[in-house]
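Colleague: pasting the sequence and the predicted model now:
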Amino acid sequence: RWARQHWNGGSSVLLLLPLLLWHGRVRPAGADNTSQAYYTALINVTVLSPERGGPTLLRIDRGRYGQDSPKVEVKGLLVTPVPINGVADRLGCDPRTRFQVPPNTKQWIALLQRGNCTFKEKILRAASHNATAVVIYNNVSSEEPVTMTHQGTGDIVAVMITESKVKEILNYLEKNISVLMAIAVGSRVPPKNFSRGSLVFVSISFIVLMIISSAWLIFYFIQKIRYTSARDRNQRRLGDAAKKAIGKLTTRTVKKGDKETDPDFDHCAVCIESYKQNDVVRILPCKHVFHKICVDPWLSEHCTCPMCKLNILKALGIVPNMPCTDNVAFDMERLTRGQPASRRSALGNFGTESSLSLEPLRTSGMSQLPQDGELTPRSGEINIAVTKEWFIIASFGLLSALTLCYMIIKATASLNANE
């Protein structure tokens with residue numbers, strides 16, 4: 001009963017785990033959806049080099065509009081900051097930053113390197129010199145462009161690109177070769193469903209739930225082991241006491257002319273056979289008589305009279321306060337072990353015989369069965385309980401494995417996408 005009550009409570013907790021894992025998996029990803037969406041920029045660079053006999057076209061595919069930038073097309077002459085005190089200024093963070101724009105140039109685009117100051121400062125610095133757009137390239141060649149945040153920069157277009165091909169463009173600009181850039185709006189990239197933040201959140205939730213459920217399972221099985229051990233100790237004590245009581249009971253051999261050989265005398269209530277000469281019988285304190293080979297296994301198992309349910313332990317004063325296990329569904333194989341074939345046949349028909357001499361046993365046995373459910377569970381009930389327990393444990397283990405695999409797959413996909 002204890003195991004069933006505790007297991008039912010614990011199984012409710014295990015059934016809540018999928019909902020908790022699903023909740024932890026979905027919510028954090030949804031919180032970052034809007035901030036992860038961005039627009040790509042398609043960039044064409046035209047080099048007007050007299051040495052090559054005509055314009056040269058370079059294409060930069062991996063561009064990204066800033067979060068606060070207008071998503072519009074723009075084109076113009078590409079310009080970098082002029083050197084400060086003879087030192088090249090690529091960053092555009094110095095207050096002395098200047099741009100040398102050819103006269104009569106209506107639209108021009110500032111080319112700046114990432115680093116040393118915020119994106120907003122770079123964009124505002126170029127905007128103060130009437131730049132049409134600002135293109136910021138990464139300071140590390142292996143890094144992808146990011147979605148810049150530059151709130152408060154007005155309607156100036158801001159785009160970030162990778163460092164690839166920028167060195168070639170800078171070489172042309174240092175030689176005073178004109179370079180034109182055209183920026184077109186690409187596609188909108190939807191937000192990712194699984195971010196690093198959600199991965200961390202799900203991982204922590206998974207670990208916490210695993211710790212809680214593991215602790216509960218450990219506690220459950222420790223208590224179950226203690227309960228089983230206590231029950232086994234009580235059964236061993238009861239068995240030892242029953243053997244001691246059986247040793248004190250009176251036995252005698254039926255002789256010719258004894259009342260047990262009378263045809264009207266009650267048969268043995270266990271094997272449903274009459275008493276014959278030279279049969280060894282056991283006389284209980286309640287004066288009921290049984291075959292010794294029949295009643296001894298019963299007394300070892302139940303320590304009560306099969307007829308009147310008298311507790312022989314109390315009657316003999318061996319263990320006055322120890323209750324007897326009074327289960328009618330006792331082990332028939334143990335009773336019939338070592339008995340003659342005729343008696344085993346009678347015992348095999350124990351549940352189906354309609355003999356009048358068995359009725360007192362049935363009536364008294366059924367009337368005095370305990371009602372509190374504390375009897376030793378039958379083997380079928382034990383098998384059902386164990387099967388249910390291991391089924392739920394296996395289901396929880398499978399759920400945990402699937403959740404962990406999902407996390408690993410999504411994390412790998414996220415890293416591959418970033419690469």
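Modeller: The structure has been received and is ready for your questions. Residues are numbered from 1 along each chain as shown.

Colleague: what about the chain, any weak spots by pLDDT?
Modeller: Scanning the chain for pLDDT under 70 picks out 1-36, 52-53, 61, 192-199, 319-389, 392, 410-411, 413-419.

Colleague: strands along that one, start to end?
Modeller: 38-49, 54-65, 74-79, 108-113, 133-137, 157-161, 178-189, 250-253, 280-283, 289-291 (DSSP state E).

Colleague: which one of those lies nearest to residue 316?
Modeller: Nearest to residue 316, of all the strands of the chain, is strand 250-253, at 11.1 Å by Cβ to Cβ. All C-beta atoms are positioned from the backbone trio N, CA, C, and that covers glycine.

Colleague: could you dump that closest one to PDB, C-alpha only?
Modeller: Output of strand 250-253 as PDB, limited to C-alpha atoms (Å, rounded to 0.1, in the frame of the first residue of the first chain):
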ATOM      1  CA  THR A 250       0.700 -32.800  20.400                       C
ATOM      2  CA  THR A 251       1.000 -35.500  17.800                       C
ATOM      3  CA  ARG A 252      -0.100 -39.100  17.900                       C
ATOM      4  CA  THR A 253      -0.500 -42.100  15.600                       C
END
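
Colleague: so what secondary structure elements neighbour it?
Modeller: strand 280-283 (3 or more Cβ pairs under 8 Å, 6 or more residues apart in numbering; DSSP states H and E).

Colleague: how about the strand it packs on: buried residues?
Modeller: Residues of strand 280-283 classed as buried: 281, 282 (neighbour count, 16 or more other Cβ atoms under 10 Å).

Colleague: can you pull the contacts of residue 177?
Modeller: With contacts defined as Cβ atoms under 8 Å, 6 or more residues apart in numbering, residue 177 is in contact with 47, 48, 49.

Colleague: now with 6 Å, please.
Modeller: By Cβ atoms under 6 Å, 6 or more residues apart in numbering, the residues touching residue 177 are residue 49.

Colleague: helices and strands around the lengthiest helix in the chain, which ones?
Modeller: The single longest helix within the chain, with elements called by DSSP state H, is helix 196-248. Contact analysis of helix 196-248 by 3 or more Cβ pairs under 6 Å, 6 or more residues apart in numbering; DSSP states H and E lists helix 2-31, helix 292-302, helix 312-315 as its packing neighbours.

Colleague: if we go to 10 Å?
Modeller: If you count contacts as 3 or more Cβ pairs under 10 Å, 6 or more residues apart in numbering; DSSP states H and E, helix 196-248 packs onto helix 2-31, helix 292-302, helix 312-315, helix 379-418.

Colleague: returning to what we had before: so which of the strands of the chain is nearest residue 408?
Modeller: The closest of the strands of the chain to residue 408 is strand 178-189. By Cβ to Cβ, the value is 24.2 Å.

Colleague: in that closest one, what's buried?
Modeller: Neighbour-count burial for strand 178-189 [16+ other Cβ under 10 Å]: 178, 179, 180, 181, 183, 185, 186.

Colleague: pull up the pairing partners for it, direction included.
Modeller: strand 38-49 (antiparallel), strand 74-79 (antiparallel) (DSSP bridges).

Colleague: mind putting those strands in TSV, distance to residue 292 included?
Modeller: Formatted as TSV, those follow (distance: least, Cβ to Cβ, whole Å):
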stretch	distance to residue 292
strand 38-49	93
strand 74-79	110
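
Colleague: nearest to residue 95, out of those?
Modeller: Taking Cβ to Cβ, strand 74-79 is the member of the strands paired with strand 178-189 nearest to residue 95, at 18.2 Å.

Colleague: contact partners of the closest one?
Modeller: 41, 43-48, 99-102, 105-111, 126, 129, 131-133, 135, 156-157, 159, 169-170, 172-173, 178-185 (Cβ atoms under 10 Å, 6 or more residues apart in numbering).

Colleague: repeat for stretch 89-98
Modeller: Contacts of stretch 89-98 (Cβ under 10 Å, 6+ apart): 80-85, 87, 99, 110-118, 121-126, 128-129, 134, 136-137, 139, 166, 170.

Colleague: end to end, how far does that stretch reach?
Modeller: 9 Å (Cα to Cα, to the nearest Å).

Colleague: if you count neighbours, what's buried in it?
Modeller: By 16+ other Cβ under 10 Å, the buried positions in stretch 89-98 come out as 89, 90, 91, 92, 93, 97.

Colleague: count of neighbours near residue 158?
Modeller: By other Cβ atoms under 10 Å, the residues close to residue 158 number 26.

Colleague: if we can go back for a sec, filter the contacts of stretch 89-98 to the buried ones?
Modeller: Here, 16+ other Cβ under 10 Å leaves 80-81, 99, 110-114, 121-126, 129, 134, 136-137, 166, 170 buried among the contacts of stretch 89-98.

Colleague: hmm, back to that, in a markdown table: the buried residues of stretch 89-98, plus distance to residue 395.
Modeller: Formatted as a markdown table, the buried residues of stretch 89-98 follow (distance: Cβ to Cβ, whole Å):
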| residue | distance to residue 395 |
| --- | --- |
| 89 | 65 |
| 90 | 60 |
| 91 | 59 |
| 92 | 60 |
| 93 | 59 |
| 97 | 65 |
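
Colleague: thought residue 116 was touching residue 125?
Modeller: No: Residue 116 is not in contact with residue 125 according to Cβ atoms under 10 Å; the separation is 11.7 Å.

Colleague: the domain parsing of this protein - what is it?
Modeller: The record's domain parsing of the chain by automatic domain parsing lists 1-37+194-243+379-419, 38-189, 249-376.

Colleague: I appreciate the help and will end here.
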